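A.B. asks: Requesting a structural model of the entry that follows:
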Amino acid sequence: MRLFGYAPKHGAAAGDTMPFFHNGIWHLFFSQPPVGAWEYVERARVSTAYLRSGDLVEWEIMPDAFGPGEHGECDGDGIWTGSVIEHEGVFHFFYTGYNRQSTSPQSICKATGTDLVTWKKSASNPLILPDQRWYETVDWRDPYVYRDDAARCFRMLISARLKSGPQFRRGCIATARSTDLEDWEVGPPLASSMLTHCPECPELFRLGNWWYLVESRYSERMQTVYRVAPTPDGPWESRKLDSLDGRRFYAAKSASDGERRVSFAWIPYRKFNIPENNWVWGGQLGSPRELVSLPDGTLTCRLPPEVGASYTEPVRYNLQPRLGDWTDGPCPSCHATGSFGYAFLAGPAHEDMLLDVEIETSPNTEAAGILIEPQGGTDLEAGFTLAIEPMKERVVFDRWPAAMDPLWDNLVLTERHGIRVSQEIDNPLVERPLAFTPENGRYRVQILRSGSAIECFVAGQVVASYRVYDMSSADTWGLFVQEGTATFRHLEFRK
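C.D. replies: Below is the predicted model of the structure:
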């Protein structure tokens, strides 16, 4: 079983991930809400599910790790996000206990085990409550524990809010310290950017020559962002490419096998899986992402090679030019200077597949990329594009027709053409700055599709993920060039 597009059959969704690597095995714990729970109170009563893999490709479904306690207990209303660490042959699973009735509804708890399958909750739960010298009492969650070898102790990061400051900007990352993983001393915050309501799912790690502080922010663009520093204490700086994906890939957490670091997160559902409804917490898991540190500290993401190679069966296609001057063959190209050119690719019609291509653009080309027209359409009336825009140094996944001012939407699209205009707040759906231009001028694009979920890996550095309920097995795929020239090399579909 591949990871991309997975959600528990017996649960409503997959949520925040808690990855851990040990003895050659990737262990992925993640939050899952109760069956059929879509409303917040019941949906928050999550338990912890468990997958594992030896190669990042084939994943085994394991028994659930553990669930909430009895109502009124410190974790009676939910087992929220945490992290796993091993010490002297014992695995310590730190997690957030949620109890709505308490004056401190979120607390830091722990379970222990010796095989990563069977867990026993600590009799000392809750272990850590908010220290009111610095922090509010409501937000206190998502413990991330790591070894500080230099100080010979363990440290914990906690999602929290300061007691003072602008009301919607008090989010901070609290700290705690322990020598035995049992007794913890809460300290002042590691970071407080005054930019978000409450950062979620923090983690701290070193990759290459830099330290990275990763957190997810729900109160702005609902993204997983990172900051970079030369030391684990900061000072924390931003980069041009400062997030791991767009706003529909959330709560990313990572683990390392000692040679590389791999990140995991989820792509949300809409409520009741109805396209017109709002997004909800939880959805399906995304693909593993390998994190790469650039010399200037920029953190990029790429599809692990073994995951891409797991799509082995070719899917045949035929190029069908519609606009522009097209040259067919192993490397189709299109000249559309001052215009728009597109061609459809007849053949691919699978709900679980990979498109792999290198796109080479000529100087001053406005955009080139991949188009998807739902339900087998071929007239460009409505659909989606993944566009590489070299001059703007960005990648955009978006829909067309683009939303206009509401007045013109009603007059032109609704009344004249009968097209329902999307009120999507994501506009564009996903926009990602490129950290660098490939040396050979070729942008490798890998698009994975699993049902309504789509992931677009571009140039080994950025990813654009989204959920497109319009998509089906009857979708028409194609290529396009906007105001310029592009060649599409090594184009193939595999399933």
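A.B. asks: How about the backbone phi and psi for F272?
C.D. replies: phi 60, psi 10 (degrees, to the nearest 10).
A.B. asks: For it, give me its contacts.
C.D. replies: F272 makes contact with W38, according to Cβ atoms under 8 Å, 6 or more residues apart in numbering. For glycine as for every other residue, the C-beta is placed from the backbone atoms N, C-alpha and C.
A.B. asks: Kindly report the same for the one 3 residues further on.
C.D. replies: Residues in contact with P275 (Cβ under 8 Å, 6+ apart) are Y469, D470.
A.B. asks: My reading is that it lies in a strand. Confirm?
C.D. replies: No. P275 sits outside any strand when classified using DSSP: H, G, I helix; E, B strand; the rest coil, being coil.
A.B. asks: distance of it from Y226?
C.D. replies: Look at P275 and Y226: by Cβ to Cβ, to the nearest Å, they are 31 Å apart.
A.B. asks: in the protein, which helix or strand is least confident?
C.D. replies: helix 415-417 (a mean of 56; mean pLDDT, DSSP states H and E).
A.B. asks: any idea which helix or strand comes after that helix?
C.D. replies: Following helix 415-417 in sequence order, the next helix or strand is strand 430-433 (DSSP states H and E).
A.B. asks: contacts for that next one?
C.D. replies: By Cβ under 8 Å, 6+ apart, strand 430-433 touches 240-241, 245-248, 393-398, 456, 458, 462-466.
A.B. asks: give me phi/psi at V307?
C.D. replies: Dihedral angles for V307 - degrees, to the nearest 10 - are phi -70, psi -50.
A.B. asks: Find me the pLDDT at it, would you?
C.D. replies: pLDDT for V307: 98.
A.B. asks: contacting residues around it?
C.D. replies: By Cβ under 8 Å, 6+ apart, the neighbours of V307 are R2, F4, L56, V57, S287, P288.
A.B. asks: what's the distance between the closest residue to K121 other than its chain neighbours and Y98?
C.D. replies: Of all residues not flanking K121 in the chain, A111 sits nearest, at 4.7 Å (Cβ to Cβ, 6 or more residues apart in numbering). Distance, A111 to Y98, by Cβ to Cβ: 15 Å.
A.B. asks: and what of D131?
C.D. replies: For D131, the distance to Y98 - Cβ to Cβ - is 19 Å.
A.B. asks: Same drill for these two, tell me which one is more crowded.
C.D. replies: Y98 (22 against 16; other Cβ atoms under 10 Å).
A.B. asks: partner residues bridging the more buried one?
C.D. replies: Beta-bridge partners for Y98, by DSSP bridges, are Q106.
A.B. asks: I'd like to know how many residues surround D325.
C.D. replies: 14.
A.B. asks: Who does it form a beta bridge with?
C.D. replies: Beta-bridge partners, per DSSP bridges, of D325: H335.
A.B. asks: Contacts only, for it.
C.D. replies: C334, H335, A336, G341.
A.B. asks: Quick check: closest non-adjacent residue to the third one.
C.D. replies: Among residues not flanking A336 along the chain, G324 sits closest, at 4.1 Å (Cβ to Cβ, 6+ apart).
A.B. asks: S310 touches V57, doesn't it?
C.D. replies: Yes. Using Cβ atoms under 8 Å, S310 makes contact with V57 at a distance of 4.6 Å.
A.B. asks: shared neighbours of these two, anything?
C.D. replies: R2.
A.B. asks: Relative to R227, how far out is W211?
C.D. replies: 9 Å.
A.B. asks: Could you tell me whether E136 really is in a strand?
C.D. replies: Yes. Using three-state DSSP, the assignment for E136 is a strand.
A.B. asks: In contact with it: list those residues for me.
C.D. replies: P130, A160, R161, L162, K163, R170.
A.B. asks: Just the strands from the stretch 51-200 of the chain, written as ranges.
C.D. replies: 60-66, 79-87, 90-98, 106-113, 120-121, 135-148, 153-162, 171-178, 185-191, 200-207 (DSSP state E, counting those that start in this stretch).
A.B. asks: Can I get these in TSV including mean pLDDT and distance to Q320?
C.D. replies: As requested, those are exported to TSV (pLDDT from 0 to 100; distance: least, Cβ to Cβ, whole Å):
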stretch	mean pLDDT	distance to Q320
strand 60-66	96	41
strand 79-87	98	47
strand 90-98	98	53
strand 106-113	98	56
strand 120-121	98	60
strand 135-148	97	49
strand 153-162	98	51
strand 171-178	98	51
strand 185-191	96	53
strand 200-207	98	44
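A.B. asks: Show the low-confidence segments of this structure, by residue range.
C.D. replies: Scanning the chain for pLDDT under 70 picks out 11, 375-376, 378, 403-425, 473-474.
A.B. asks: Break it into its domains for me.
C.D. replies: Domain assignment for the chain, taken from automatic domain parsing, gives 17-308, 312-494.
A.B. asks: would you list these in a markdown table and tack on distance to H10?
C.D. replies: What follows is the domains of the chain, written out as a markdown table (distance: least, Cβ to Cβ, whole Å):
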| stretch | distance to H10 |
| --- | --- |
| domain 17-308 | 6 |
| domain 312-494 | 18 |
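A.B. asks: For K9, find the nearest of those.
C.D. replies: Nearest of these to K9, taken as Cβ to Cβ: domain 17-308 at 9.0 Å.
A.B. asks: Quick one: end-to-end length of the closest one, please.
C.D. replies: Its first and final residues considered, domain 17-308 spans 22 Å by Cα to Cα, to the nearest Å.
A.B. asks: now that domain: how far from the chain's centre is it?
C.D. replies: What separates the centre of domain 17-308 from the centre of its chain is 13 Å, taken as Cα atoms, centre = their mean, to the nearest Å.
A.B. asks: returning to that earlier point: so what sits opposite the residue nearest to K121 in the bridge?
C.D. replies: F93, K121.
A.B. asks: M18 touches F29, doesn't it?
C.D. replies: Yes. Under the criterion of Cβ under 8 Å, M18 makes contact with F29 at 4.1 Å.
A.B. asks: got any residues that touch both of those two?
C.D. replies: With Cβ under 8 Å, 6+ apart as the test, M18 and F29 both reach T48, V84.
A.B. asks: In the strand ranked longest in the chain, which of the residues would be classed as buried?
C.D. replies: The longest strand of the chain (DSSP state E) is strand 476-494. By neighbour count on 16 or more other Cβ atoms under 10 Å, the buried set for strand 476-494 is 476-482, 484-488, 491, 493-494.
A.B. asks: list the helices and strands that strand packs on?
C.D. replies: strand 314-315, strand 333-346, strand 352-361, strand 367-373, strand 383-389 (3 or more Cβ pairs under 8 Å, 6 or more residues apart in numbering; DSSP states H and E).
A.B. asks: quick one on the thing from earlier: can I get the buried part of the contacts of strand 430-433 as one PyMOL selection?
C.D. replies: A single PyMOL command selects the buried members of the contacts of strand 430-433 (16+ other Cβ under 10 Å):
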select buried, resi 241+245+246+247+248+394+395+396+397+398+456+458+462+463+464+465+466
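A.B. asks: What about the contacts of strand 430-433, which are in strands?
C.D. replies: Short answer: the contacts of strand 430-433 in strands (DSSP E) are R394, V395, V396, F397, D398, C456, V458, V462, V463, A464, S465, Y466.
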